[in-house]
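Here is the input, now give the coordinates:
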Amino acid sequence: MPLCFDLWRSRSRISSSMNVPGMGMDKSLGMSEDKMDLYSMDERFEERWQRIQVILMDILAQKEIHRRVWNERFSDVYDITVNFPQAFVDRLYENIRALFGGHIQRHVVCSLQKSLTYGANVQLLDAYLQHWNSFYEALKFINKLVMHLNSAVVRPAKINDSEFPMIHLGISLPDYSNEKIEVLELGCQMWASDVVMPLREDMTRMLLDLIQRDREHHDLAYTDPIRAVVASLVAVDEFKGRSMLKTYKEIFETPYIQATGENYRLEASKFVNETTCSGYVEKVLNRLNEEDFRARRLCHTSTLDKVKAEIQARMVNDRLAFILQDSRMVIEERRQQDLCNLYAVLRPSSEGINTLRLHFTSFVEEKAREAVGSNYAIEPQDLVENLVKILARFDEMVTQVFSSDPMFRKAVEDAIRIVINQQSGATSFFVSAELIARYCDTLLRKSSKNLTEVEEKLDGAIKVFRFLDDKDVFQRFYSRMMAKRLINKQFISADVETQVVNKLRDACGCDYTGKLMRMQRDINSSQGMMDKFFEKFPLKQFRAKCDVFINILTSGVWPIPTFDIPMKLPVILQPVIDNFNTFYHSEYSGRRLTWIFQLGSVDVRLSFVKRPVMATMNAQQLAICLAFSDTDTVSLSEMKEVTGMADEYLETNVDCLVSAGILRRQESASILSLNMEYAPKKPRIKILAPVTKEQPQQEKEETEKSTGDMRLVFLQATVCRVMKAHLNMNHATLVKAVKEQTQTRFIPNEVMIKKTIDVLLEKEYIRRSLTAQDVYEYIV
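Model prediction:
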């Protein structure tokens, strides 16, 4: 069997033939014939290349290709890439490169040079587009024809079968480290380097001239040519691994943005001298919209934001002082459309939008101060409802004018927060918290108000409450007022009370409302306790005359005094008290009851008047009235002996009964008598509890003092909790962490936190680090 058969057909057959012993052939003769066969491959490659070259030239010339010819040339390319060594594959690739280069120089470059010399701008662009469209379509067909070549050169295989004899013959293999690109990408790359780059200056100038004509005369006739040329600049670089849009940016995008900026810089100078601020802003918006529409028609999408930024820089950022000079007046006059335009123009500019926000914040703060007054000389209802109206009005403005921008919504909140927490030398700094608490108390007290309206107003009060820094002060005022409502059964609805507590919990957490919720549970459990009491002690004879209800309150939860006014309990109430003490200690062993009679109330029927009247009074006032059971006149000394009250409490309660008209003083102030002519207009009256002039002020002072003490304790606990979690922290980080954990109750200043840290250092809960003085360590 001869050795000189087609080498590329079967590597295994070559190997077996060369290794068959006894062929009668020496080693040097076999090597010579192999080399001769390799040389014959060059002739076969040239034969196939000539046929491939013809069809490539026909495709570039836009000639019709018969399917049979297409299939044959496709097979030729496949044959070379699969059955020829890699050197011939690379040779085919380089031949195609040379063919493209020759075609571009002979048919494209020469034609465009003639158009550039003798033709107008549009004629050059038309000629360019004609050649580009023809060449690009041909490239796509050629790329399909040589698809196997692309696979071989872009992602070459390891070593194909035809290359194994080269290893045995000592012939070096091609270097596969040089990566090549697909034929389609190769043609586009050559177009960019041989056609576009030589014409770059002329092409750029022509494109910018046509775009400027569009700006000045709104001439849309050249939109399609410009868009097609720009698309060609994009197409030559839209391949993986290539520098994205390098040709497009260099030839068109960068000069276009520069020309756009210069054009609108000149227009801005002209508009500033011809129009007002509002008129200028309107023109800027028009130019932004026009250029955005133009860029969307002509440019790649990556250019849109760059064009906007350039116009913004030339017409807005460079003219900020002029644009902002009337911004405060526009806000004050509430020129909504002008304000919308101003916001739209300034939004991309951080400096401009921040200045507008500051002006807006200042205006909202000014209106809020007008609503609450400088020294809070205002009723609770007016304070809260005025702030709710301002908040609603400016929230609507933010939605309509500023597109619900969080920055401007926060500006409204900051302005309200500044006003509601402002310090005033003429009033206590807790005045806001007290007024809001009193407003809630007014709404929650039993009355003929509509529940739906009450709930809406309470929602507004909670909105205002969220801006309050002294939330712990509000809690102390609110809990005291809530205790009075619950004890005296003066709340409008238990469900509404619960809703308010839940909203406070959502705003400040469970710890904030823990005592409030316990107070509600005490009132609810007291009803069940009384049912059990009457089951065990029916007291039918007593209950036939009157009814009784006892509230069992948890000590330490309710903000009420834990001492009682010394007095002799009326005989009629003593059996009930004794029986309840017996019942309670049988139910709960180890607990102690403390009776606080001055917080209770009694309904007394006044039968000495012509028309029976039901009067609500406290236990001390009841004891005074019962002293008149057998007589119409009683001296103060006798009254003191009967009631067992001290002079101070006796005088104040007697004054309340005299003021109500039930009692009257004789000519001698020490003698009291029933007012037999007493005739109230209503069948039910309430005797006010004795209040001294100093009592409200004392309550405020006590609240301020107790709040200060509670804050110090709370801060100490917070610092210990933070340090225990981290073990060591520097001063700045510790202060920040403490502020974050206390903001739901109050906003401590750094001086207060520093004092707290010093106290804990003295108590040896924490210590300073030996390595750094500003670092604290937790002592375990």
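
shouldn't Tyr248 be in contact with Ala231?
No. Tyr248 lies out of contact with Ala231 (CB atoms under 8 Å); the separation is 9.2 Å. From N, CA and C alone the C-beta is placed, and that goes for glycine too.

Tell me which of these two has more neighbours.
Tyr248 (25 against 15; other CB atoms under 10 Å).

so that one, which of the three states?
The three-state label given to Tyr248 by DSSP: H, G, I helix; E, B strand; the rest coil is helix.

List the buried residues in stretch 408-418.
For stretch 408-418, the neighbour count (16 or more other CB atoms under 10 Å) marks 408, 411-413, 415-417 as buried.

Please read the previous query as pertaining to stretch 100-108.
Applying a neighbour-count criterion of 16+ other CB under 10 Å, one finds 100, 103-104, 108 buried in stretch 100-108.

Low-confidence ranges, this protein, go.
Where the chain drops to pLDDT under 70, the residues are 1-39, 117-121, 155-179, 240-243, 374-377, 423-429, 543-544, 562-564, 691-701, 703-704.

Strands along that one, start to end?
Taking DSSP state E to define them, one finds strands in the chain at 602-606, 613-617, 633-635, 663-665, 671-674, 684-686, 728-730, 766-768, 775-778.

Relative to Arg505, which of these is closest?
Closest of these to Arg505 is strand 728-730, at 29.7 Å (criterion: CB to CB).

which residues of the stretch 301-450 of the chain fall in helices?
According to DSSP state H, counting those that start in this stretch, the stretch 301-450 of the chain carries its helices in the segments 304-315, 320-324, 327-332, 336-346, 350-372, 380-401, 406-420, 431-444.

Return the most buried member of those.
Most buried of the helices of the stretch 301-450 of the chain, by mean neighbour count (mean count of other CB atoms under 10 Å): helix 431-444, with a mean of 23.

So which residue is dead centre in the chain?
In the chain, the C-alpha nearest the mean C-alpha coordinate belongs to Pro406, at 7.5 Å (CA atoms, centre = their mean).

Next one: that one relative to Glu413, how far apart?
Distance of Pro406 to Glu413, given as CB to CB, to the nearest Å: 10 Å.

what does Met197 give?
From Met197 over to Glu413 (counting by CB to CB), the distance is 58 Å.

And for Ser670?
62 Å.

want to try a markdown table for the helices of the stretch 301-450 of the chain, with distance to Ala259 as columns?
Output for the helices of the stretch 301-450 of the chain, formatted as a markdown table (distance: least, CB to CB, whole Å):
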| stretch | distance to Ala259 |
| --- | --- |
| helix 304-315 | 10 |
| helix 320-324 | 23 |
| helix 327-332 | 31 |
| helix 336-346 | 22 |
| helix 350-372 | 25 |
| helix 380-401 | 34 |
| helix 406-420 | 34 |
| helix 431-444 | 58 |
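
Out of the ones you listed, flag the one nearest Leu486.
When these are compared by CB to CB, helix 431-444 sits nearest Leu486, at 10.1 Å.

Identify the residues contacting that closest one?
Contacts to helix 431-444, defined as CB atoms under 8 Å, 6 or more residues apart in numbering, come from residues 376, 378, 380-381, 383-384, 420-421, 424, 428, 449, 454, 457-458, 461, 464-465, 468, 470-471, 473-474, 477-478, 481-482, 485, 491-492, 496-497, 500, 700.

what angle do that helix and helix 380-401 make?
Inter-element angle recorded for helix 431-444 and helix 380-401: 100 degrees (by axes from the mean of the first three to the mean of the last three CA atoms, to 10 degrees).

any idea how far Asp202 lies from Thr254?
16 Å.

before we move on, what about Lys446?
76 Å.

Could you check stretch 71-81 and say which residues are buried?
In stretch 71-81, counting by 16+ other CB under 10 Å, buried: 73-74, 76-77, 80-81.

before we move on, what about stretch 559-569?
Buried-residue list, stretch 559-569, by 16+ other CB under 10 Å: 559, 565, 567, 569.

So what would you say the end-to-end distance of that stretch is?
The first and last residues of stretch 559-569 sit 24 Å apart, counting by CA to CA, to the nearest Å.

swap in stretch 542-553?
End-to-end distance of stretch 542-553 (CA to CA): 24 Å.

which outside residues touch it?
486-487, 519, 522-523, 525-526, 529-530, 533-534, 560, 572, 575-576, 580, 584, 603.

again, but for stretch 578-594
So stretch 578-594 is contacted by 532-533, 536-537, 539, 550, 552, 555, 562, 564 (CB under 8 Å, 6+ apart).

now with 7 Å?
Residues outside stretch 578-594 that contact it (CB atoms under 7 Å, 6 or more residues apart in numbering): 533, 536-537, 539, 550, 562.

Going through those, which ones are buried?
533, 537, 550.

Return the closest of these with respect to Val713.
Closest approach to Val713 among the buried ones among the contacts of stretch 578-594 (CB to CB): Ile550, at 32.9 Å.

hang on, the earlier thing: in contact with the residue nearest to the centre of the chain, which residues?
Applying CB under 7 Å, 6+ apart to Pro406 gives no contacts.

Distance check, it against Trp49.
68 Å.

Ok, Pro566 next?
Between Pro566 and Trp49 the distance is 124 Å, computed by CB to CB.

and if you look at Tyr128?
31 Å.

ok, the two, which is more surrounded?
When neighbours are counted by other CB under 10 Å, Tyr128 and Trp49 differ, and Tyr128 comes out ahead with 24 against 20.

okay but that one is in contact with Gln113, surely?
No. With contact defined as CB atoms under 7 Å, Tyr128 does not count as touching Gln113 (11.5 Å).

Which residues does stretch 740-757 contact?
Contacts for stretch 740-757 (CB under 7 Å, 6+ apart): 469-472, 508-509, 512, 711-712, 714-716, 718-719, 722, 735, 738-739.

brain fart, stretch 286-297
Contacts of stretch 286-297 (CB under 7 Å, 6+ apart): 214, 223, 227, 260, 264, 267, 303-304, 307-308, 311, 315.

same thing with stretch 639-650?
565-568, 620, 623-624, 627, 672.

For that stretch, measure first residue to last.
For stretch 639-650, the end-to-end distance is 8 Å (CA to CA).

same check, this time on stretch 398-413
11 Å.

Pull the distance from it to the chain's centre.
Stretch 398-413 sits 13 Å away from the centroid of its parent chain (CA atoms, centre = their mean, to the nearest Å).
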